[in-house]
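> Build me a structure from this.
(one chain, ligands or ions: 3)
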Amino acid sequence: MATLGVLDSANLNGGQKLAVKYFTVAIALFGAQVLFGLLAGLQYLYPDFLYGVLDFSVNRMLHINAMVVWLLFGFIGAVYWLLEDESGVPVVGLALGNLVFWVLTLAVVAVVGVYLLVQVGPGEMKSIWLINEGREYIEAPRWADIGIVVCVLAFFYNVAATFMKGRFTGIGGVLVLDLVALAGLYTAGMWYTPNISMDQHWWWWVIHLWVEATWEVLVGCLLAYGLIKTMGVRRKIVETWLYIEVALLFGSGILGLGHHYFWIGTPEYWLSIGGFFSALEPIPLVAMVVHAVFDAGHHKLKSTNNPALAWMIAQAFGNFFGAGVWGFMHTLPQINLYTHGTQWTASHGHLAFFGAYATIVIAFVYLAVQKWRGNVWMSGELVGAWRWKWAIFLLHVGMIGMTMALLVAGYEQSQIERAIEGSGWMAYFAAQAHPWFQQGMTWRMISGWIFTAGFLLLAWDLLTIGSRETRPARRLEPQEAMAAA
Ligand code: HEM
Ligand code: HEM
Ligand SMILES: [Fe+2]
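Numbers count the residues shown, from 1 in each chain. Ligands and ions are numbered 1, 2, ... in the order given. You can find the predicted model right below:
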């Protein structure tokens, strides 16, 4: 048996060995996201900073593309992490899975290299294929798009075929159906049309339907598995919750798409459809909080992996506040008329992506590190526990600080630029010059540094946590262990 506390891949099953590769790249890209976010934030304060060398447009693009990609790497890793455990059989195409991992990683490196090297120039068919498609969040050129679709299909094959060969749990079934939708929607963002309304119409199919439908369902599955593993919550309860959440998420999230169709030239009926259905979107998020908090309370917060549990609870609340509350605030057309595209949107975007998705990936990385070190102790009185606690604390102080600073700036923009000055050219500058806006940008930066400190501590902790522990993981009580089996 491997020594406790020492990283040894013999502790992992095949799918999990692949998962830790995905997690490693995910955390590295998280670092890249933070770096480019800092540069973009600094350019708000010092507009000349790196001008002509690394422009704001490029930093911003790298910031949010790195985010999408690291979260996707994290999700794929998390699915490989649970795959053999849930299905009861080894991953059917592990060699294929490994190949895909390397192809994807190299493609990401190539795309980032091109973004950095070719920052300006005309947009034409050649640049769509080779350089940049110009669609926010999914700017990758078309060659990479096609490559991504092929890789995701291979991943889907691995997941579906493994479950089919082994057993289909409730979590497994929802996961497989969800992956069909997730992969299919991506192709909606690949078509070129010179009509900007149509282009936006399809682009939102990816952006909105991913984060407010398929990604939410995916994290629902991950959370369900995580709660079973760390606390021995009964599968029947978790899966029942999962079905309810999925029904509510799809029920409100699909037509909620309409909240992006208010002002892009689509028919007027979207005002009512989008307003109504998106207003219902917070309901499943409430269900998810209740679910996680109820389970955690029921088990008196006793878990086999405290950092993972803490990050799962952070997920439940972050999702509820970031997506549910911050999304609801500006989702009615009467309000969105004033807030659309202001820092209000950025405030919501930050808290939602971090709260709903970054958190759950981090939780799974903690689960992975624990097992990688031979299933070492990660419950109370862990040696060096201050690190994970300070990391989660600083990351949240930083994120909430940024969210609030952006909210104040966005509030000021809605008032001055939209409501008072009437949205004209000069109105835009009047809003930018207002002290509330400028102070908001400064406070975002200060909070961004705090977030960065939290990130560095998190990275350090993920590398070291458990290394000085010699105790095996806390065991689930017999009835918990039976439930988790
Ligand atoms: C985890 C789930 C969610 C994530 C990650 C998320 C993220 C985002 C992001 C990044 C944007 C900005 C998009 C852009 O660049 O234009 C956005 C816009 C928006 N979101 Fe969300 N969101 C989520 C859930 C929700 C929910 C549940 C609601 C409503 C209840 C909502 C309402 C809105 C609205 C109305 C906009 C448009 C803002 C504008 O007009 O500028 N979001 N969201
Ligand atoms: C050091 C920390 C960070 C800083 C300084 C930072 C800064 C920025 C800046 C300056 C922008 C461009 C805003 C604009 O176009 O006006 C931006 C956009 C964005 N960032 Fe960050 N960011 C940080 C961390 C994060 C994290 C951790 C996430 C999510 C996990 C995130 C998600 C986003 C999103 C979704 C957008 C696009 C928002 C929109 O379109 O409205 N950022 N960030
Ligand atoms: Fe949306």
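> Identify the residue nearest the geometric centre of this structure.
Centroid-nearest residue in the chain: Tyr357, 3.1 Å away (criterion: C-alpha atoms, centre = their mean).
> Just list the residues touching it, thanks.
For Tyr357, the contact set (C-beta atoms under 8 Å, 6 or more residues apart in numbering) comprises Leu71, Gly74, Val211, Trp215, Val219. (Glycine included, C-beta is placed from N, CA and C.)
> go on, Gly77?
Leu18, Ala19, Val20, Lys21, Tyr22, Phe23, Ala26, Val361, Phe364, Ala368.
> Which of those residues sits closest to ligand 2?
The nearest member of those to ligand 2, counting by C-beta to the nearest ligand atom, is Val361 at 9.7 Å.
> May I have the predicted confidence score for that closest one?
We note a pLDDT of 98 for Val361 in this prediction.
> Show me what from the stretch 351-485 of the chain comes close to ligand 2.
Phe353, Phe354, Ala358, Gly448, Phe451, Thr452 (C-beta under 6 Å from any ligand atom).
> and the stretch 251-400 of the chain, which of its residues are near ligand 1?
259, 278, 281-282, 319, 323-324, 327-328, 330-331, 336, 340-341, 345, 348-349, 352-353, 356.
> Now with 8 Å, please.
For the stretch 251-400 of the chain, the residues in contact with ligand 1 (C-beta under 8 Å from any ligand atom) are 253, 256, 259-260, 262-263, 278-279, 281-282, 285, 319, 322-324, 326-328, 330-331, 336, 339-342, 344-346, 348-350, 352-353, 355-357.
> can you tell me how far the residue of the stretch 101-250 of the chain found nearest ligand 1 sits from Leu130?
Evaluated by C-beta to the nearest ligand atom, the stretch 101-250 of the chain has Val211 as its residue closest to ligand 1, separated by 3.9 Å. Look at Val211 and Leu130: by C-beta to C-beta, to the nearest Å, they are 28 Å apart.
> could you give me the average pLDDT of the one helix or strand Leu182 maps to?
Leu182 belongs to helix 170-186 when assigned by DSSP states H and E. The average pLDDT within helix 170-186 is 95.
> same check, this time on stretch 407-423
Mean predicted confidence for stretch 407-423 is 97.
> likewise stretch 51-58?
Mean predicted confidence for stretch 51-58 is 96.
> ok now do the residue of the stretch 151-300 of the chain found nearest ligand 3, which residues does it touch?
Among the residues of the stretch 151-300 of the chain, His208 lies closest to ligand 3, at 3.8 Å counting by C-beta to the ion. For His208, the contact set (C-beta under 8 Å, 6+ apart) comprises Gly253, Gly256, Leu257, His259, His260.
> rewinding a little: pull the distance from the helix holding Leu182 to the chain's centre.
16 Å (C-alpha atoms, centre = their mean, to the nearest Å).
> For that helix, buried residues please.
Within helix 170-186, the residues scored as buried using 16 or more other C-beta atoms under 10 Å are 170-172, 174-176, 178-179, 181-183, 185-186.
> do stretch 48-64 as well
Leu54, Asp55, Phe56, Val58, Asn59, Arg60, Met61, Leu62, His63, Ile64.
> Leaving out the residues flanking it, which one is nearest to the second one?
To tie it back to what came earlier, the one meant is Asp55. In space, and not counting its chain neighbours, Asp55 is closest to Gln119: 6.0 Å by C-beta to C-beta, 6 or more residues apart in numbering.
> Also the fourth one?
Among residues not flanking Val58 along the chain, Gln119 sits closest, at 5.0 Å (C-beta to C-beta, 6+ apart).
> Number of residues surrounding that neighbour?
16 (other C-beta atoms under 10 Å).
> ok, it touching Arg60?
No: assessed by C-beta atoms under 8 Å, Gln119 is found out of contact with Arg60, at 11.9 Å.
> Tell me the spacing between the residue of the chain found nearest ligand 1 and Glu417.
Distances between the chain and ligand 1 by C-beta to the nearest ligand atom are smallest at Gly327, namely 2.3 Å. Separation of Gly327 from Glu417 (C-beta to C-beta) stands at 22 Å.
> same question, Phe321
The spacing between Phe321 and Glu417, counted by C-beta to C-beta, is 26 Å.
> List the contacts of His350.
His350 touches Gly322, Met399, Met402, Thr403, Leu406, counting by C-beta under 8 Å, 6+ apart.
> And stretch 420-440, end to end?
Stretch 420-440 has an end-to-end distance of 20 Å (C-alpha to C-alpha, to the nearest Å).
> outside of it, which residues touch it?
Gln343, Ala405, Leu406, Val408, Ala409, Gly410, Tyr411, Glu412, Gln413, Ile416, Glu417, Arg418.
> does that stretch come close to ligand 1?
No: judged by C-beta under 8 Å from any ligand atom, stretch 420-440 stays clear of ligand 1, getting no closer than 13.5 Å.
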